[in-house]
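*Asks:* 3D, please:
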Amino acid sequence: MRCVDAAGNSHPRADSSARIVSLVPSITELLFSLGLEQQVVGRTGFCIHPRDAVRNVPKVGGTKDVKLEVLRGLHPTHVIVNVDENDLVTFQKIQEFVPHVIVTHPNSPADNIALFGLLGEVFGVEPRAEQLAGELKRELAACQAATWSPERVLYLVWKDPWMAVASDTYIARTLACVGWEVTIEPGGWSGAARYPVISDIESASHAVGRVLLSSEPFMFRQRHLNELRDRLNVPVDLIDGEMTSWYGSRAIRGLAYLREFRARSAGA
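*Replies:* Numbers count the residues shown, from 1 in each chain. Here you go, the predicted model:
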């Protein structure tokens, strides 16, 4: 059996001797959720969950600055990368010495079902993968069953300069599960990216009903919340960025978190 990843590359089923390095924080967490902790031999410094369990897993640098010689020294049979988090040049260099580089690219919470299936098949943990898929389907169904009043939101991920997520992002599609609509198109303000720079935060806020301040990659805190509440005429809230941007098994908890968050914000 050969399994096809997000880049169209096929991978044979691995055995228990597989040595896995994850260069994607949310997928490192997913590997542990799948029961593969004994085979995870490397991670990035940003792979912090499950917090206690990953402490003893060697680091190979960051998602953008992988230390290739450190990675090589771990003798991995499989390295897992992501289209958005890891660059193409690094991917190509890793392919030179790692037998199997698995490419992932979930674009919405529902895409995690295929991600669970891919890793479940490659590493022989299909029952656990199917269990996670079932849990996610229940959370997606709960979101669909609820009645959400549509509300446009500005989701900020950085300060100095202000940066937001555009509509063509995993985060935007996650927010949409609870009726929050991101209307910024990629490059819609200044910056030709899916995370455009917002040059005028006051003007940007006029087009939305709420501003959300993420805890990552910039960690917005109470002082930033207070600053924007004084400047803007719309509600401003702090939100857990891991719950909106991490895919894999975190998406299950993330959808439950978002439903509760949206319900609280509607009553505020």
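*Asks:* Any idea how many residues pack against H49?
*Replies:* 20 (other CB atoms under 10 Å). (Each C-beta comes from the backbone N, C-alpha and C, glycine too.)
*Asks:* One more: A176?
*Replies:* A count of nearby residues for A176, using other CB under 10 Å, gives 17.
*Asks:* where's it relative to L115, distance?
*Replies:* For A176, the distance to L115 (CB to CB, to the nearest Å) stands at 19 Å.
*Asks:* Same question for D168.
*Replies:* 19 Å.
*Asks:* what about these two, which has more around it?
*Replies:* Using other CB under 10 Å as the criterion, D168 and L115 rank with L115 on top: 25 against 14.
*Asks:* which helices and strands sit right next to the one helix or strand A142 maps to?
*Replies:* Secondary structure assignment for A142, by DSSP states H and E: helix 126-145. In terms of contacts (3 or more CB pairs under 8 Å, 6 or more residues apart in numbering; DSSP states H and E), helix 126-145 is packed against helix 112-122, helix 250-267.
*Asks:* Show me what that helix is in contact with.
*Replies:* Here helix 126-145 makes contact (CB atoms under 8 Å, 6 or more residues apart in numbering) with 33-35, 109-110, 112-113, 116-117, 119-121, 177-178, 249, 251-252, 255-256, 258-259.
*Asks:* neighbours of G35, just the number please.
*Replies:* By the measure other CB under 10 Å, the count of residues near G35 is 13.
*Asks:* same thing with the one 3 residues further on?
*Replies:* Burial of Q38, expressed as a neighbour count using other CB under 10 Å, amounts to 8.
*Asks:* Any quick ChimeraX command for the buried ones out of the contacts of helix 126-145?
*Replies:* Buried residues within those, by 16 or more other CB atoms under 10 Å, are selected in ChimeraX with:
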select :33,34,109,112,113,116,117,119,120,121,177,178,249,251,252,255,256,258,259
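*Asks:* what ranges do the strands span in the chain?
*Replies:* Counting by DSSP state E, the chain has strands at residues 2-4, 10-12, 20-22, 40-42, 78-82, 100-104, 151-158, 163-164, 180-181, 210-214, 236-239.
*Asks:* Next, format the ones you listed as a markdown table and append mean pLDDT.
*Replies:* Output for the strands of the chain, formatted as a markdown table (pLDDT from 0 to 100):
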| stretch | mean pLDDT |
| --- | --- |
| strand 2-4 | 86 |
| strand 10-12 | 96 |
| strand 20-22 | 98 |
| strand 40-42 | 98 |
| strand 78-82 | 98 |
| strand 100-104 | 98 |
| strand 151-158 | 97 |
| strand 163-164 | 95 |
| strand 180-181 | 98 |
| strand 210-214 | 98 |
| strand 236-239 | 98 |
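*Asks:* Of all these, which one comes closest to A172?
*Replies:* Taking CB to CB, strand 151-158 is the member of the strands of the chain nearest to A172, at 7.4 Å.
*Asks:* Output that closest one as CSV - backbone C-alpha positions only.
*Replies:* This file holds the C-alpha atoms of strand 151-158, laid out as CSV (Å, rounded to 0.1, in the frame of the first residue of the first chain):
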residue,chain,number,x,y,z
GLU,A,151,-20.1,38.8,11.8
ARG,A,152,-17.1,40.3,10.0
VAL,A,153,-13.9,40.1,12.0
LEU,A,154,-10.4,41.5,11.7
TYR,A,155,-8.0,38.8,13.0
LEU,A,156,-4.6,40.4,14.0
VAL,A,157,-1.5,38.3,14.2
TRP,A,158,1.2,41.0,14.5
